[in-house]
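Novice: Here's my sequence, what's the structure:
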Amino acid sequence: MSGNKARLHAVSAVIDYKPISEPLNFAETPTQELFASNVFSTTVMRDRLPKPVYKSLLATIENGKPLDMSTADVVATAMKDWAIEKGATHYAHVFYPLTGATAEKHDSFLTPNGGGSAIAEFSGELLIQGEPDGSSFPTGGIRPTFEARGYTAWDVTSPAYILENPNGTTLCIPTAFVSWTGEALDKKTPLLRSMKALNKQAQRILELFGDADGSMVVPTAGAEQEYFLIDRHFALARPDLVAAGRTLFGAKPPKGQEFDDHYFGAIPERVLACMLECEWELYKLGVPVKTRHNEVAPGQYEVAPVYENANVAADHQQLMMIMLKRVAEKYGLTCYLHEKPFAGVNGSGKHLNFSFGSASLGNLLEPGDNPHDNARFLVFTAAVIRAVDKYAKLLRATIAFAGNDHRLGANEAPPAIISIFLGDQLTDVFEQIKAGGATSSKDKGVLEVGVDTLPSLPKHSGDRNRTSPFAFTGNKFEFRAVGSSQSIAGPLVALNTIIAESLDVIATRLENAEGSFEEAVQAVLQEIMEEHGRIIFNGDGYSEEWHKEAAARGLPNLKTAVDALPELGSPEAIALFEKYNVLSEREVLSRMEVKLEQYVMAINVEAALTAEIAQTMIYPAAVRYQSELAAAAVNLKAAGLRPNNTVLQRVTDMADCLEESVAELEDAMDHTDGDLLAEATHLRDAVVPAMNQVRSYADELEGIVADDLWPLPTYQEMLFIK
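Specialist: Residues are numbered from 1 along each chain as shown. Reported below is the predicted structural model:
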């Protein structure tokens, strides 16, 4: 087998892999008993709390009633006792800063009692409030270092849980994270505010339909998580994967994903073992994971949960990403959540399934058998159509960052143009509304397979469209443009708020309308379709024809993060978030600044890595091969033979080009600008193309240089050797 020593060692390690830990005994504890066993759930609360305290908490969790602070000490004691019974020695306020990652601060339950011993204490005060540093996380200028105080505040609507470690357990308490001035420094606080705004406006619509019964309207979410698993030995031999989470070099292998043989194929045994243990751990934490399968690209997989309360779903998504990475290590694998770890094969997204409803009425985006007669459904769906069209730029900005730039618009992901897929049945209904009134719904029909032993299959009301960034999928919308590494909280904040604004407008129109309610509903729906129907597109979002048609329709096409991120700070966005008390102007602008800063840092890291790897690993390999070829040519000439110097010339040319391109990249990197947007623009327009040029020469050299000299594990090795 060819290859340099580091690569050979990695390959051998993969071949000789042995499980690190003992197999789990899945028969020992049934899944239904395992599920939420490490969660301080409402069931645990009911069993451990006095009835008045339990009812008070339940009213807050289920109906949004203000939290009764007098119950905190009772809850804290019960929570502490439960956690200690499960082996906990510490508690942690878990929060979600603007990094997009999960943060936690651990404190011990033990308190010295002055007599040489200690007691376990946990008060209501400690449960409700913690105090991490408010300036060491990105804040967009809200908290400078000399004004560092920040607070975490207990979120009673997201249950506490026990996180296990081989050496003990920790009680984890989901919290909001705010500054000393009360401004949101996290992703949870605006999400909770946006959920409140959506509920308030939805209740107005329900009241008009005679359906308001006090039950809260809650957005629900479930994000399908795509990810790559690569053997740890390969990963550690790639400085770009270690530091940037994606490969900055790598020639296309002879075989990629073109056979479509990996998608939904038999899951490799080692990967399946990893998946099973990850699910085992997530079940204990109450994360409702449902589906697992091979994804399209080799080495790519997916896990999908059932959708649930959006706030809890966002917390669970963070847990899922942590657990995927943590469990992968036990199986000698590294989990990559980057949107495009490998060029030339499919990248990873996080398809965000979104809906809203109440405990009494169910899903408000459920069309029923005859959607043309379901006026309430049509009003809520029309609100979504209007919201997505009016705030398409803002929605695009919520999924804009350096990683997603590699994925959006490629042939595995939706384009950067935001549009809505409704399917044949609903499109027909809304077209009828636009023309004057809907009187029928297309029959779903039955699919005859043509085999007597197979059953007839009931068809859905419309086909699926993988090219649409925002698709209706039966009783919910799927926001397919969300990146695999990002928190779903940001997109949820935007969706909740823009839909709340549309519901507000519709409710106001209906409340002030003259004539019959039915006529008023028809008029509002017709007006929305006339003004915002342009956003509906059921065709091929990948096609060039759609790009031209979208431009003709006036739909925005913000191709890169640098194009999209300024929309976060637009007057329209600021006014929207301020009106519904989701984010103040300062909070909105801070998020735009943080996102631009993260873009700049990400590209700078990748550019520095590109130059370093090209100079210290790839160029030396090319020069060594050049020397070998030159020596061989001299020897052949000395033997009276005429050497063929074609390969030598190619290597020489490519090595020279590589050296020159690195110099051009370093020159492009030697640029600073006090304005973040200007700096980000320079990086996009000058540095990223320079990086791509370096890569093009390096990848060509990979196809020429002798295999035993090539220093980096190849795509063929990383993606196909399991």
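Novice: Please report phi then psi for Ile271.
Specialist: That one is not Ile; residue 271 is Val. phi -70, psi -40 (degrees, to the nearest 10).
Novice: so how many other residues sit close to the residue lying closest to it once chain neighbours are set aside?
Specialist: Leaving aside its sequence neighbours, Val271 sits nearest to Leu229 (C-beta to C-beta, 6 or more residues apart in numbering; 5.8 Å). Bear in mind the C-beta positions are built from the backbone N, C-alpha and C, glycine included. For Leu229, the count of nearby residues is 22 (other C-beta atoms under 10 Å).
Novice: I'd guessed Leu229 sits against Ala328; true?
Specialist: Yes: with contacts defined as C-beta atoms under 8 Å, Leu229 counts as touching Ala328 at a distance of 6.0 Å.
Novice: what residues are shared contacts of these two?
Specialist: Residues touching both Leu229 and Ala328 (C-beta atoms under 8 Å, 6 or more residues apart in numbering) are 274, 334-335.
Novice: for these, which one is nearest Ala655?
Specialist: Nearest to Ala655 among the shared contacts of Leu229 and Ala328: Thr334, at 31.0 Å, using C-beta to C-beta.
Novice: so the closest one, which of the three states?
Specialist: strand (DSSP: H, G, I helix; E, B strand; the rest coil).
Novice: I'd like the distance between the nearest residue to it once chain neighbours are set aside and Leu127.
Specialist: Ranked by C-beta to C-beta, 6+ apart and with sequence neighbours excluded, the top spatial neighbour of Thr334 is Ala235, at 4.0 Å. Shown here: Ala235 relative to Leu127, a distance of 40 Å by C-beta to C-beta, to the nearest Å.
Novice: the bottom helix or strand of the protein by mean pLDDT?
Specialist: Every helix and strand in the chain was compared by mean pLDDT, DSSP states H and E; the lowest is strand 446-447, with a mean of 54.
Novice: Tell me where the longest strand sits in this protein.
Specialist: The longest strand of the chain (DSSP state E) is strand 218-231.
Novice: Ser37 touches Trp280, doesn't it?
Specialist: No: the pair Ser37 and Trp280 does not pass the contact test of C-beta under 8 Å, sitting 10.7 Å apart.
Novice: Now do the contacts for the residue nearest to Thr334.
Specialist: 241-242, 334, 336, 718.
Novice: Filter these down to the buried ones.
Specialist: Buried residues within the contacts of Ala235, counting neighbours by 16 or more other C-beta atoms under 10 Å: 241, 334, 336, 718.
Novice: wait, the second one sits on Arg326?
Specialist: Yep, that's Thr334 we're talking about. No: applying C-beta under 8 Å, one finds Thr334 not in contact with Arg326, separated by 11.2 Å.
Novice: Which secondary structure state does Leu701 sit in?
Specialist: At Leu701 the chain is in helix, as set by three-state DSSP.
Novice: Check the gap between it and Pro253 for me.
Specialist: As judged by C-beta to C-beta, Leu701 and Pro253 stand 16 Å apart.
Novice: So between these two, which is more surrounded?
Specialist: Applying other C-beta under 10 Å to Leu701 and Pro253 shows that Leu701 carries more neighbours, namely 24 against 17.
Novice: so who does the more buried one touch?
Specialist: Contacts of Leu701 (C-beta under 8 Å, 6+ apart): 618, 621-622, 651, 654-655, 658.
Novice: Swap in 6 Å and give it another go.
Specialist: If you count contacts by C-beta atoms under 6 Å, 6 or more residues apart in numbering, Leu701 has them with 622, 654.
Novice: Check Asp504 too.
Specialist: Gln201.
Novice: Check which helix or strand it maps to.
Specialist: Element membership for Asp504, per DSSP states H and E: helix 489-511.
Novice: Rounded mean pLDDT for the helix of greatest length in the chain, please.
Specialist: What stands out as the longest helix in the chain, according to DSSP state H, is helix 585-613. Summarised as a single mean, pLDDT over helix 585-613 is 97.
Novice: could you point out which element follows it?
Specialist: Next along from helix 585-613, by DSSP H and E: helix 619-638.
Novice: buried ones in that next one?
Specialist: Buried-residue list, helix 619-638, by 16+ other C-beta under 10 Å: 619, 621-623, 625-626, 629, 633.
Novice: downstream neighbour of it in the secondary structure list?
Specialist: Next along the chain after helix 619-638, taking DSSP H and E as the criterion, comes helix 646-669.
Novice: Name the residues that touch that next one?
Specialist: Taking C-beta under 6 Å, 6+ apart as the rule, helix 646-669 contacts 607, 611, 614-615, 619, 622, 625-626, 629, 686-687, 690, 693-694, 697, 700-701, 704.
Novice: What residues of it count as buried?
Specialist: By 16+ other C-beta under 10 Å, the buried positions in helix 646-669 come out as 647-648, 650-652, 654-655, 657-659, 661-662, 665-666, 668-669.
Novice: So which of those is the closest to Met321?
Specialist: Met321 has its nearest neighbour among those in Met669, at 30.5 Å by C-beta to C-beta.
Novice: Looking at Asn644 now. What's its pLDDT?
Specialist: You'll see Asn644 listed with a pLDDT of 90.
Novice: next one: Ala633
Specialist: We have a pLDDT of 94 for Ala633.
Novice: Tell me who's in contact with the nearest residue to it once chain neighbours are set aside.
Specialist: Take Ala633 and drop its neighbours on the chain: the residue closest to it by C-beta to C-beta, 6+ apart is Pro643, 3.9 Å away. Residues near Pro643 by C-beta under 6 Å, 6+ apart: 633, 636-637.
Novice: Quickly note the distance from Pro643 to Thr652.
Specialist: 14 Å.
Novice: give me every residue that touches the closest residue to Glu702 other than its chain neighbours.
Specialist: The shortest distance from Glu702 to any non-neighbouring residue, by C-beta to C-beta, 6+ apart, is to Ala251 (4.1 Å). By C-beta under 6 Å, 6+ apart, Ala251 lies in contact with 699, 702-703.
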